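Undergrad: No sequence on hand, only this structure:
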């Protein structure tokens, strides 16, 4: 059965039947310490993987006693499970179960979020691997990447970049490096030689602030500059309205440096000594395909001679207004208002040359049908909001 046609809606979230789980918190009957111990044992036995076996996304520990999951199996069997969790990435999640499940089944899970509660995410069962005894490890691949850093508690002063495998030639954009160390500048230039990144070098805060008249996609700044600190530089950059992401380059061995980087309102840190792999992973977070597609403007495909072209400016303005409407509806948990906006977009966007907006609108409608909640559908509604904000007439 296609999960979009399922009748076991999200209302089950408040009163799941215990059947196979009984009074246990998950199908294995593990408490949190048991989940951690099992995860640690598997981490140790799995060992390190060769570079050619790297995954697309980093998997972070995400130990939970219970994650609610619905799985549609072949033949129409629908399972409502409470599963212990091992780890999480942008692209998927690893869970523990007490039995084998057929791969490629459609899934929906309620992912625990530290602020928004349980957030609904769609995906597919990509693997089921026997790990000994009754333990089976399930790998669910999300339909669309999530911002895993929203869910995982990580040290703000640590390197927390989600890309594990990076294709250098796919990296593009303008990178500004603010560092008085010429050797460091040359090293970054060397590490980015296989990319399409345009490198701009500045040796001081004042030089960089002047150079930002030409926008950059990402800024790397040394912790200490000849005319100030990285924190002062970031404050001055934000004061003039520049919202470019900033990463601080900080000595890896210095606790004081890490504390200073953590206190600054930056998007992340890079520890010295730099390596090519770590640098490219950091750049991919902001200058890769995913970052580029999220930020790129969406232009209507209507030709100037099309009869609907004269209505295009008004429609684009309506889309921009719709983004704010959706934000307000999410805050009020108004699912009906979200459905109204998404139905309008799905119906009108193709005729106005914005056919690419239909899939995210339909995914949001699908999620809203399951959750009956705007807040629990916020992940997919965010894609609709972004598409509305990117819309341009020409």
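TA: On my side now, so go ahead. Predicted, not measured: the structure shown is a model, and the values here were computed from it.
Undergrad: Enumerate every residue touching the closest residue to residue 344 other than its chain neighbours.
TA: Spatial nearest neighbour of residue 344, chain neighbours left out: residue 322 (7.3 Å); criterion: Cβ to Cβ, 6 or more residues apart in numbering. Quick note: C-beta positions are derived from backbone N, CA and C, even for glycine. Shown in contact with residue 322 (Cβ atoms under 8 Å, 6 or more residues apart in numbering): 341, 344-345, 388.
Undergrad: Just the buried ones out of the residues you listed, please.
TA: Among the contacts of residue 322, the ones that count as buried by 16 or more other Cβ atoms under 10 Å are 341, 345, 388.
Undergrad: Out of the contacts of residue 322, which comes closest to residue 305?
TA: residue 345 (24.6 Å; Cβ to Cβ).
Undergrad: Which stretches in the stretch 251-394 of the chain count as strands?
TA: All strands of the stretch 251-394 of the chain, identified by DSSP state E, counting those that start in this stretch, fall at 268-272, 298-299, 391-392.
Undergrad: Which of those comes out lowest on mean pLDDT?
TA: Sorting those by mean pLDDT places strand 298-299 lowest, at a mean of 74.
Undergrad: Scan this structure for its longest helix.
TA: helix 312-332 (DSSP state H).
Undergrad: Only the buried residues of that helix, if you could.
TA: Under 16+ other Cβ under 10 Å, the buried positions of helix 312-332 are 312, 315-316, 318-319, 322-323, 325-326, 329-330.
Undergrad: can you pull the contacts of residue 66?
TA: Contacts of residue 66 (Cβ under 8 Å, 6+ apart): 25-26, 82-85.
Undergrad: For whatever helix or strand it lives in, list every residue counted as buried.
TA: Residue 66 is part of strand 60-72 when elements are defined by DSSP states H and E. For strand 60-72, the neighbour count (16+ other Cβ under 10 Å) marks 60, 62-72 as buried.
Undergrad: just to revisit the earlier point, and the furthest pair within the contacts of residue 322?
TA: Maximum distance among the contacts of residue 322 (Cβ to Cβ): 10.7 Å, for 344 and 388.
Undergrad: For residue 165, grab the count of nearby residues.
TA: 16 (other Cβ atoms under 10 Å).
Undergrad: ditto for the one 5 residues further on
TA: Around residue 170 sit 13 other residues, with neighbours defined as other Cβ under 10 Å.
Undergrad: From residue 218, how far off is it?
TA: Distance of residue 170 to residue 218, computed by Cβ to Cβ, to the nearest Å: 15 Å.
Undergrad: and if you look at residue 229?
TA: On the measure of Cβ to Cβ, residue 229 and residue 218 end up 19 Å apart.
Undergrad: Looking at those two, which is more packed in?
TA: residue 218 (21 against 17).
Undergrad: what about the helices in the stretch 201-350 of the chain?
TA: 205-211, 230-239, 255-263, 276-287, 289-295, 312-332, 335-348 (DSSP state H, counting those that start in this stretch).
Undergrad: got the buried residues for the last one?
TA: Put plainly, it is helix 335-348. Those would be 335, 337-339, 341-342, 345-346, 348, for helix 335-348 by 16+ other Cβ under 10 Å.
Undergrad: do the fourth one as well
TA: Within helix 276-287, the residues that qualify as buried by neighbour count (16+ other Cβ under 10 Å) are 276, 279-287.
Undergrad: any idea which of those residues is closest to residue 196?
TA: Closest to residue 196, out of all of the buried residues of helix 276-287 and judged by Cβ to Cβ, is residue 287, at 9.2 Å.
Undergrad: which residues does that closest one contact?
TA: 171-173, 175, 197, 217-218.
Undergrad: try 10 Å
TA: 170-175, 192, 195-197, 217-218, 245, 280, 295 (Cβ atoms under 10 Å, 6 or more residues apart in numbering).
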